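J.: Next comes the sequence, and after it the predicted model I'd like to discuss.
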There are 2 protein chains.
Amino acid sequence: MPPSPPAIDSFDLAILAMLQRDNTTPQRLIGEAVNLSAPAVQRRIKRMEQSGVIAGNVAVVEPAAVGQPITIFVEVELESERTELIDAAKRQFSATSEVQQCYYVTGEADFILVVTVADMAAYEALTRKLFFGNNNVRKFRTFVAMDRVKVGLTVPLPG
Amino acid sequence: MPPSPPAIDSFDLAILAMLQRDNTTPQRLIGEAVNLSAPAVQRRIKRMEQSGVIAGNVAVVEPAAVGQPITIFVEVELESERTELIDAAKRQFSATSEVQQCYYVTGEADFILVVTVADMAAYEALTRKLFFGNNNVRKFRTFVAMDRVKVGLTVPLPG
DNA sequence: TTCCAAATGCAAGTTTGTTTCGCCGGAGAT
DNA sequence: ATCTCCGGCGAAACAAACTTGCATTTGGAA
């Protein structure tokens, strides 16, 4: 079997902490901050990208600046929990560009969606397509965000 | 008054679409894709960063790889909707590293949180700190994510 | 039509990221 | 105990990308 990648150590965590704040930080500065040479930093970053610890490098776009000022949470409850229907729902939600995030959850709902739209008319159209047009959706509850207090994908890192 | 920044055009949208997928894409390739020279691409990116259209450039870290495999949604309902108490809650949630995302919403809840933790014991400790230790929290509902079907901050872009 | 402003493309300069090389330290075998 | 192999680290050379300045063109307003 292939050699398992080395475990994450405190150097890696320190590097990740900087990169998930700003991945344009020069490797030289990262090296100074964590007491490593720039090539060592580079090797560790590359390794973490290949092993999947770093899932991607992305620009964060301000939705309001591109005409999508409304963020909405939706709790979706299905009629049937059959695996096949769950998977179909996952696929449909994933393929919908307005659905920024989709989670399959325990509790009083089956899915929680984070939706980004231009206006409420667009949301209404989306509900027709995703929910009213789907016999397996028993009901859904809508929460409109008035304030995006904290937004990001930052993961809390030990150390 | 300061000159208002130029409106976003279809070139900008095409550039954003590529950057929010992978912001390490060389500007030369972006230029080829959108029919612009590399410096023109560079100028537009810089302008959008300064004007806030691009809110940041970050590495996306896989939570499970750094010992935070559990994602939880929490709907929080407050006792009082007094502005001062709302703001206090916003500040407390924002300052909590386990709270990855926090939204102030309409509907049957006041806040929706996205929480990242190592295990349920850590979540239990967090609820004690944030909810049971706060007299203004009337109740909260927990949804544990079994599958992070779609995760990201990607904004749907026209065009 | 004429002038002005903004944006583009080209080319050079600078910074950054990448690769290669040699060295050091540790684990295992002889 | 010593030798050898292996993996990682640091220094330097290399290549690539990014950034800047300037001349040109384009679009619009006077």
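T.: On my side now, so go ahead.
J.: Could you report the neighbour count for A:Cys102?
T.: When neighbours are counted by other Cβ atoms under 10 Å in any protein chain shown, A:Cys102 registers 25. Heads up, the C-betas are built off the backbone N, CA and C, glycines and all.
J.: Make sure I have this right: it is in a helix.
T.: No. Going by DSSP: H, G, I helix; E, B strand; the rest coil, the assignment for A:Cys102 is strand, not a helix.
J.: so how far is stretch A:99-114 from its chain's centroid?
T.: Taking Cα atoms, centre = their mean, to the nearest Å, one finds the center of stretch A:99-114 at 12 Å from the center of the full chain.
J.: what's the answer for stretch A:85-99, then?
T.: 15 Å.
J.: A:Lys129 and A:Val99, how far apart?
T.: 11 Å (Cβ to Cβ, to the nearest Å).
J.: What of A:Arg148?
T.: Distance from A:Arg148 to A:Val99, by Cβ to Cβ: 17 Å.
J.: Neighbour count for the two, which is higher?
T.: Neighbours per residue, other Cβ under 10 Å: of A:Arg148 and A:Val99, the larger number sits with A:Val99, 22 against 15.
J.: so what's the more buried one up against?
T.: Neighbour list for A:Val99: A:Phe93, A:Leu113, A:Val114, A:Val115, B:Lys150 [criterion: Cβ atoms under 8 Å, 6 or more residues apart in numbering or on different chains].
J.: Of those residues, which belong to strands?
T.: A:Leu113, A:Val114, A:Val115, B:Lys150 (DSSP state E).
J.: from these, which is closest to B:Gly31?
T.: Nearest to B:Gly31 out of the ones in strands among the contacts of A:Val99 is B:Lys150 (Cβ to Cβ; 29.8 Å).
J.: ok, that closest one touching A:Glu98?
T.: No. Using Cβ atoms under 8 Å as the test, B:Lys150 is too far from A:Glu98 to be in contact (11.3 Å).
J.: Show me what from chain A comes close to DNA strand C.
T.: Taking Cβ under 7 Å from any atom of the strand as the contact definition, chain A meets DNA strand C at A:Thr24, A:Thr25, A:Pro26, A:Gln27, A:Arg28, A:Ala38, A:Pro39, A:Gln42, A:Arg43, A:Ile45, A:Lys46.
J.: State the distance from the fifth one to DNA strand D.
T.: Spelled out, it's A:Arg28. Per Cβ to the nearest atom of the strand, to the nearest Å, A:Arg28 is found 11 Å from DNA strand D.
J.: where do the strands sit along chain A?
T.: So, for chain A - with DSSP E - the strands run A:54-61, A:70-78, A:99-105, A:111-117, A:137-150.
J.: Which of these sits closest to DNA strand D?
T.: Nearest of the strands of chain A to DNA strand D, taken as Cβ to the nearest atom of the strand: strand A:54-61 at 11.5 Å.
J.: Any part of that closest one near DNA strand D?
T.: No. Applying Cβ under 7 Å from any atom of the strand, one finds strand A:54-61 separated from DNA strand D by no less than 11.5 Å.
J.: neighbouring contacts of that strand?
T.: Contacts of strand A:54-61 (Cβ under 8 Å, 6+ apart): A:16, A:19, A:23, A:45, A:48, A:152, B:16, B:19-24, B:53-62, B:152-155, B:157.
J.: Generate a ChimeraX selection restricted to the buried subset of the residues you listed.
T.: Command for ChimeraX that selects the buried part of those, burial taken from 16 or more other Cβ atoms under 10 Å in any protein chain shown:
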select /A:16,19,23,45,48,152 /B:16,19,20,23,53,54,55,56,57,58,59,60,61,62,152,153,154,155,157
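J.: Among the contacts of strand A:54-61, which ones are in helices?
T.: The members of those that map onto helices under DSSP state H are A:Leu16, A:Leu19, A:Ile45, A:Met48, B:Leu16, B:Leu19.
J.: just curious, which of those residues is nearest to B:Asn136?
T.: Comparing these against B:Asn136 with Cβ to Cβ picks out A:Leu16 as the nearest, at 34.5 Å.
J.: so how far is B:Val58 from the closest one?
T.: Distance, A:Leu16 to B:Val58, by Cβ to Cβ: 11 Å.
J.: The strands of chain A: lowest mean pLDDT?
T.: Among the strands of chain A, strand A:54-61 has the lowest mean pLDDT, at a mean of 94.
J.: tilt between it and strand B:54-61?
T.: Strand A:54-61 runs at 170 degrees relative to strand B:54-61, counting by axes from the mean of the first three to the mean of the last three Cα atoms, to 10 degrees.
J.: Cool, thanks, talk later.
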